[in-house]
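**Student:** Output the structure for:
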Amino acid sequence: MDPFKPHGFFLEQERSRSGRVVPSAVILLSNKECPWRCLMCDLWKNTLKETVPLGAIPRQIDYALTQLNTKPEQLKLYNSGSFFDPAAIPLADYPAIADRVSFADHIVVEAHPRLVGEAAVRLRDLLSGSLEVAIGLETVHPEILPRLNKKFELAHFAQAVDFLRSAGIVVRAFVLVKPPFMNEAEGLAWAVKSAEFAFACGVSVVGLIPTRPGNGAMDRLMETGEFTPPRLATLEQALTLALNLRQGRVFADTWDLEQFAACSVCLEKRRQRLHTINLTQQILPAIGCEVCGG
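**Tutor:** Residues are numbered from 1 along each chain as shown. Sure, this is the predicted structure:
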């Protein structure tokens with residue numbers, strides 16, 4: 001990895017709090033590996049061994065924005081870990097980062113709940129636009145959450161959300177659809193329960209992430225039968241049921257969706273359906289397929 005270049009960047013659209021669909025840029029920052037070793041995480045593949053030099057993160061943002069050639073309303077700064085980890089994003093770079101993103105109305109960063117604190121308030125005060133913090137809740141299953149090696153309890157998540165909301169900072173939660181050690185029905189049920197818990201804590205957005213193999217540990221669990229990726233239908237049902245809670249926006253992650261689909265004939269229609277639901281927050285009729293019956 002190059003400490004002066006992000007390892008990825010792209011444009012997308014997202015439904016905002018106001019109900020408008022706004023352009024959004026996502027910048028995947030290169031920085032030191034996260035101190036946690038979450039069971040299902042593969043983000044360590046795109047990290048560095050050492051903390052980046054001062055000024056490197058602002059230069060990464062400059063590079064991405066130059067390549068994208070746009071200054072969208074919303075900007076997500078994701079860094080394969082926690083933005084508030086000083087070993088990943090140096091605190092001394094906060095003013096320069098805020099200056100680089102001053103055009104954006106809304107900034108989204110990621111953080112582990114146990115790293116949420118005064119650094120978030122410091123960043124909020126430097127930004128021209130509003131701040132949102134995304135936290136990986138993953139699951140509220142009392143036995144499986146500890147096995148994911150996230151090293152936090154549900155109380156930590158609730159406290160982090162309460163702290164951020166009291167500081168006027170919006171919160172989104174990431175929820176896994178069918179993490180390891182669950183069957184298909186359990187994966188669906190606990191995804192909805194986890195979204196319900198997140199909304200009860202005060203989050204504004206829930207992102208549903210189908211659990212993926214590919215990081216080594218998950219592949220070994222597949223070999224032992226302790227994990228299988230969720231079916232596309234399970235992600236679709238989870239989105240419908242979570243939206244029916246009517247507690248906030250719910251987005252289904254559609255990246256690399258083909259690995260969850262059993263049928264290539266209806267895949268693109270089902271992908272487009274999820275994308276449209278994400279943008280409209282309106283449940284659409286299911287896609288019928290003569291080949292798979294889905």
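**Student:** State which helix of this protein is the longest.
**Tutor:** helix 184-201 (DSSP state H).
**Student:** so after that one, what's the next helix or strand?
**Tutor:** Following helix 184-201 in sequence order, the next helix or strand is strand 205-210 (DSSP states H and E).
**Student:** Using CSV, write out every CA atom in the longest helix of the chain.
**Tutor:** Extracted in CSV, the C-alpha atoms of helix 184-201 (Å, rounded to 0.1, in the frame of the first residue of the first chain):
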residue,chain,number,x,y,z
GLU,A,184,-30.5,-19.3,7.3
ALA,A,185,-33.6,-18.8,9.4
GLU,A,186,-31.5,-17.6,12.4
GLY,A,187,-29.5,-15.3,10.2
LEU,A,188,-32.6,-13.6,9.0
ALA,A,189,-34.2,-13.4,12.5
TRP,A,190,-31.1,-12.0,14.2
ALA,A,191,-30.4,-9.5,11.5
VAL,A,192,-33.9,-7.9,12.1
LYS,A,193,-33.4,-8.1,15.9
SER,A,194,-30.1,-6.4,15.6
ALA,A,195,-31.5,-3.6,13.4
GLU,A,196,-34.3,-3.2,15.9
PHE,A,197,-31.8,-2.9,18.8
ALA,A,198,-29.7,-0.4,16.8
PHE,A,199,-32.8,1.8,16.1
ALA,A,200,-33.8,1.6,19.8
CYS,A,201,-30.4,2.9,20.7
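**Student:** Does anything pack onto it? Which helices or strands?
**Tutor:** For helix 184-201, the packing partners by 3 or more CB pairs under 8 Å, 6 or more residues apart in numbering; DSSP states H and E come out as strand 130-138, helix 154-166, strand 170-177, strand 205-210, helix 232-243. For the C-beta atoms, the positions are set from N, CA and C on the backbone; glycine is no exception.
**Student:** do you know which of those lies nearest residue 262?
**Tutor:** helix 232-243 (7.3 Å; CB to CB).
**Student:** coming back round to it: average pLDDT across the longest helix of the chain?
**Tutor:** For helix 184-201, the mean pLDDT works out to 98.
**Student:** Would you mind getting the angle between that helix and strand 170-177?
**Tutor:** Helix 184-201 and strand 170-177 are oriented at 170 degrees to each other (axes from the mean of the first three to the mean of the last three CA atoms, to 10 degrees).
**Student:** So for residue 90, what's the nearest residue that isn't a sequence neighbour?
**Tutor:** Leaving aside its sequence neighbours, residue 90 sits nearest to residue 54 (CB to CB, 6 or more residues apart in numbering; 5.7 Å).
**Student:** Could you tell me how many residues sit around that neighbour?
**Tutor:** Residue 54 has 11 neighbours, counted by other CB atoms under 10 Å.
**Student:** ok so, going back, which other residues reach the longest helix of the chain?
**Tutor:** 137-141, 144, 154, 157-158, 161-162, 171, 173, 175-179, 182, 206, 208, 211, 230-231, 234, 237-238, 241-242, 245, 247-248, 250 (CB atoms under 8 Å, 6 or more residues apart in numbering).
**Student:** what do you get for stretch 102-112?
**Tutor:** With contact meaning CB under 8 Å, 6+ apart, stretch 102-112 is reached by 16, 22, 34, 36, 71-79, 81-85, 101, 120, 123, 127-136, 150, 152, 160, 172.
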